[in-house]
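S.K.: next comes the sequence, and after it the predicted model I'd like to discuss.
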Protein chains: 2
Amino acid sequence: MTANQVKPIAAIVGAGRTKFGELWYDDPERLLFDAGLSCMESVDKGIHRNQLEACFFGSFLYQATNKMGLVPGHMSKELGLNVPITMTEAACASGGSAIYSACLALRSGQYDTVLVGGFEKMTDRSNKISDDLMFAADPSEFGAGFTFPGLYATMMSRYIYDYSEGKQECEDALAMVSSKNHHHAIKNDFAQFRREFTPEAVKKSSLVAYPIRLLHCSPVSDGAAALILTVPEKASMYTDTPIYIISSQLATHDVSIYTRESITSIKTTKLASTAAFKETGLSYKDIQIAEVHDCFTIEEAMFLEDSGYYKKGEAWKGIYESYEANKGLKHVPYVNGQNELIVNPGGGLKADGHPVGATGVRQVYEAWAQLRGQAGGQQVEEKLDTALCHNIGGTGAICTVHILRR
Amino acid sequence: MTANQVKPIAAIVGAGRTKFGELWYDDPERLLFDAGLSCMESVDKGIHRNQLEACFFGSFLYQATNKMGLVPGHMSKELGLNVPITMTEAACASGGSAIYSACLALRSGQYDTVLVGGFEKMTDRSNKISDDLMFAADPSEFGAGFTFPGLYATMMSRYIYDYSEGKQECEDALAMVSSKNHHHAIKNDFAQFRREFTPEAVKKSSLVAYPIRLLHCSPVSDGAAALILTVPEKASMYTDTPIYIISSQLATHDVSIYTRESITSIKTTKLASTAAFKETGLSYKDIQIAEVHDCFTIEEAMFLEDSGYYKKGEAWKGIYESYEANKGLKHVPYVNGQNELIVNPGGGLKADGHPVGATGVRQVYEAWAQLRGQAGGQQVEEKLDTALCHNIGGTGAICTVHILRR
């Protein structure tokens, strides 16, 4: 089966975003408003806000950080709409969770056209936020002194030990993930960081939680992203080049890592990607670009294994060899035999930025732009048909996977 | 059309709850766990947790109050399930919003059997909570010094002035709402308050924000409630007496009150109840019991007008006359010509308690128990067929309406 034969769930007929970074002069409603406006302006044949029949928003720390609740009421006022609006919280997967909820709503037949938005406004509380982010971890892990870099450092240490016996090349490979994603962001006008970093520079950056250094970590960011989804039959009202969502999957697992069978793979990535491949009849071989949740570089490596792209314990070798062979290219693909996969063509969470509730929506924005050939300077040169978006919350307690096709 | 001819959206095959009150020794996961367990035990033919295909939770201040986020991850661990779990926040309508999301999911055809849960753990932060509750209001209203009692007091003052020219009987009527709801809770084993209060006692209680006194206000509470919903075709696997949800509606409006055309009615109640009556072909005359969001007594009066039961500005007369004529009865109905409507037969938010994220789910629990004739001491004596549940967030920025039938 090819992607074109799969019955689509939804058509993306518009997408928009703000820049990501330190946006101190914008409040969360403003960020969502700006993303929503650029989203509506992107609709080829135009749309009026009164055509939006329901809205699905996602954010994580808006209460603790922005002293804001009841987003449906705030956004009803901003939009001047009285339609159903729901607000989903799933830590860093809040954006993917909002898209998942919107897809369920379209599948229900109750609505034809809906708005999805994700946002986060973090930088003006960046000294407090490392504690608050631990709301998304087990309280006993917080009590034991863990931070999120600490939790992912535990996974990364174990990965290096289990699968490379501590080889230098494995640490190099995990630094290369960061170098590649920064390289991909150079021409992304929206990205928070647009600088090259060599793997050596990543390995010499400030130590955060061994073996995680500063340049392994996605940043604290502000930003928002928005999508307009319709039922496939209505897509032609809005555009002649819709991008279809052909799978929408969500899986959950323990919020803690100490209770898991393995801490070197993410069970929810396996469950959600397996379900997405089953839903579409596709496999990892059919995916040309993937927006992967690289909150820390080890997470991108685990995705490559959990999705089946590389065998368990071998992603670091694939990353190392692919980077060494292709580092001169505009986009550095992960090569595996006959297959090539470009991951995070716009820079991913690492370089584009990670306003946590916006990230899952930004990923679909980026894939939409790439599949339409409108990704600007960071446009992938090969002809693209199929993309996958992978959004994680916490240390993998929740994962959404969406597969898109042209 | 009668309720029996409407195609149901979902069947409620189980429902459970905790006591509401000051539950200092239970954390939020424990409350949800206890409500979920009593819910599963209520399923007549039994159910195993592995039969739950997705979960929909709702809560408001769990981050600020309980330092807890990513509820899907916490609950995946508690339940031992890896299924899709989403978390909805809509202030005091978080519970209704979770039920609405679950109904969309069942309508989508993706799941047959799902769990819905609402919870809130407020009392151990009760000194801080009046500020945090204002997350669900406009920041300019918070900045101007408003609290939630203050906002509702503004509505109540205006209502008394506009529709009774300040008559004593209007103030009496709004006190009678509280007396009636406390009276209804006397035999409710789960209720936070089980004491009689005369209208005179209500009017002499401590002044909070004129004309609102302590006994006009719903309390700060801890508690949780849970439901198991299935697609109607599967109901008989679990019970021979399912209760059906025949309408599920959600509407939104401005988070602020200063921008609204009227502050003596709630637009979202009108929109959601009108849509629910349209969806079912029913009218207010067909409803026998209503679970109404009496966060303050004025809200119950506004519901009676916004749903069409009394004409605009006349609910207070109906309340006064009905109470005077029926105050000796076990349940005091609102009488309007040929119609009788029992509101909040278990005590409502006022007396049963108001753990905000649990309330919308608790309302459906109560209606389910009443329609099955299993509401214990507070069982309504007349044969019941049709119930309505009305859940409000903020000052009416969001409203859900669910109609249930036997």
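M.R.: Here it is on my side, so go on.
S.K.: use CA for all of it now, contacts and neighbours both
M.R.: Will do.
S.K.: how many neighbours does the residue of the stretch 101-250 of chain A found nearest chain B have?
M.R.: With Cα to the nearest Cα as the measure, residue A:108 is the residue of the stretch 101-250 of chain A nearest to chain B, at 3.5 Å. Counted with other Cα atoms under 10 Å in any protein chain shown, the neighbours of residue A:108 add up to 18.
S.K.: excluding its backbone neighbours, what's nearest it?
M.R.: Leaving aside its chain neighbours, residue A:108 sits nearest to residue B:108 (3.5 Å; criterion: Cα to Cα, 6 or more residues apart in numbering or on different chains).
S.K.: what do you get for residue A:225?
M.R.: Of all residues not flanking residue A:225 in the chain, residue A:17 sits nearest, at 4.0 Å (Cα to Cα, 6+ apart).
S.K.: over to residue A:326?
M.R.: Nearest non-adjacent residue to residue A:326 (Cα to Cα, 6+ apart): residue A:332, at 5.6 Å.
S.K.: likewise residue A:401?
M.R.: Once flanking residues are discounted, residue A:401 sits nearest to residue A:390: 4.8 Å by Cα to Cα, 6+ apart.
S.K.: so which elements touch the helix or strand harbouring the one you found?
M.R.: Using DSSP states H and E, residue A:390 sits within strand A:386-393. If contacts are counted by 3 or more Cα pairs under 8 Å, 6 or more residues apart in numbering or on different chains; DSSP states H and E, strand A:386-393 sits against helix A:94-107, strand A:289-291, helix A:356-371, strand A:398-405.
S.K.: so for residue B:187, which of those sits nearest?
M.R.: Proximity to residue B:187 (Cα to Cα) singles out helix A:94-107 among the helices and strands packed on strand A:386-393, at 39.6 Å.
S.K.: ok, the residue nearest to residue A:401 to chain B distance?
M.R.: 15 Å (Cα to the nearest Cα, to the nearest Å).
S.K.: quick one, what contacts that residue?
M.R.: The neighbours of residue A:390, taking Cα atoms under 8 Å, 6 or more residues apart in numbering or on different chains as the test, are A:269, A:290, A:291, A:292, A:293, A:360, A:363, A:399, A:400, A:401, A:402.
S.K.: of all those, which two lie farthest apart?
M.R.: A:269 and A:363 (15.7 Å).
S.K.: any weak-confidence spans in the stretch 151-300 of chain A?
M.R.: For the stretch 151-300 of chain A, no stretch is flagged by pLDDT under 70.
S.K.: where do the strands sit along it?
M.R.: A:207-209, A:212-213, A:222-230, A:243-252, A:289-291 (DSSP state E, counting those that start in this stretch).
S.K.: sorry, back to before: chain center to the strand holding residue A:390, what's the gap?
M.R.: Mean-position distance between strand A:386-393 and its chain equals 6 Å (Cα atoms, centre = their mean, to the nearest Å).
S.K.: quick check: angle from that strand to strand A:243-252?
M.R.: 30 degrees (axes from the mean of the first three to the mean of the last three Cα atoms, to 10 degrees).
S.K.: strand A:386-393 to strand A:398-405, inter-axis angle?
M.R.: Here strand A:386-393 runs at an angle of 170 degrees relative to strand A:398-405 (the same axes, to 10 degrees).
S.K.: so which bits of the stretch 301-406 of chain A are right by chain B?
M.R.: A:393, A:394, A:397, A:398 (Cα under 8 Å from any Cα of the partner chain).
S.K.: and of these, the nearest to chain B?
M.R.: Once Cα to the nearest Cα is applied, the member of those that ends up nearest chain B is residue A:397, at 4.7 Å.
S.K.: residue A:29 contacts residue A:73, correct?
M.R.: No - applying Cα atoms under 8 Å, one finds residue A:29 not in contact with residue A:73, separated by 11.1 Å.
S.K.: which stretches of the stretch 101-250 of chain A form helices?
M.R.: In the stretch 101-250 of chain A, the helices defined using DSSP state H, counting those that start in this stretch lie at A:129-132, A:139-143, A:148-164, A:168-185, A:199-204.
S.K.: summarise which helices and strands the last one is packed against.
M.R.: Using 3+ Cα pairs under 8 Å, 6+ apart, the elements in contact with helix A:199-204 are helix A:168-185, strand A:212-213.
S.K.: show me which residues of it are buried.
M.R.: A:199, A:202, A:203 (16 or more other Cα atoms under 10 Å in any protein chain shown).
S.K.: ok, now the first one?
M.R.: Residues of helix A:129-132 classed as buried by neighbour count (16+ other Cα under 10 Å): A:129, A:132.
S.K.: what about the nearest residue to residue A:130 once chain neighbours are set aside, how many residues nearby?
M.R.: Nearest residue to residue A:130, sequence neighbours excluded (Cα to Cα, 6+ apart): residue A:147, at 6.9 Å. Residue A:147: 19 surrounding residues under other Cα under 10 Å.
S.K.: if I pick residue A:147, what's in contact with it?
M.R.: Counting by Cα under 8 Å, 6+ apart, the residues that residue A:147 touches are A:130, A:131, A:134.
S.K.: hmm, the last one is touching residue A:140, no?
M.R.: No - Residue A:134 lies out of contact with residue A:140 (Cα under 8 Å); the separation is 10.4 Å.
S.K.: if you count surrounding residues, which of the two has more?
M.R.: Shown here are residue A:134 and residue A:140; by other Cα under 10 Å, residue A:134 has more neighbours (22 against 11).
S.K.: pLDDT value on that one, please?
M.R.: For residue A:134, the pLDDT comes out at 92.
S.K.: next: residue A:5.
M.R.: Per-residue confidence (pLDDT) for residue A:5: 77.
S.K.: same thing with the one 10 residues further on?
M.R.: If you check residue A:15, the pLDDT there is 98.
S.K.: by contact count, what packs against the helix or strand hosting it?
M.R.: Following DSSP H and E, the helix or strand that holds residue A:15 is strand A:10-17. Applying 3+ Cα pairs under 8 Å, 6+ apart, one finds that strand A:10-17 makes contact with helix A:28-41, strand A:222-230, strand A:243-252, helix A:356-371.
S.K.: mean neighbour count added to these, as TSV?
M.R.: As requested, the helices and strands packed on strand A:10-17 are arranged in TSV below (neighbours: other Cα atoms under 10 Å in any protein chain shown):
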stretch	mean neighbour count
helix A:28-41	21
strand A:222-230	31
strand A:243-252	27
helix A:356-371	30
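S.K.: residue B:406: which of these is closest?
M.R.: Across the helices and strands packed on strand A:10-17, residue B:406 has its closest neighbour in strand A:243-252 (33.4 Å, Cα to Cα).
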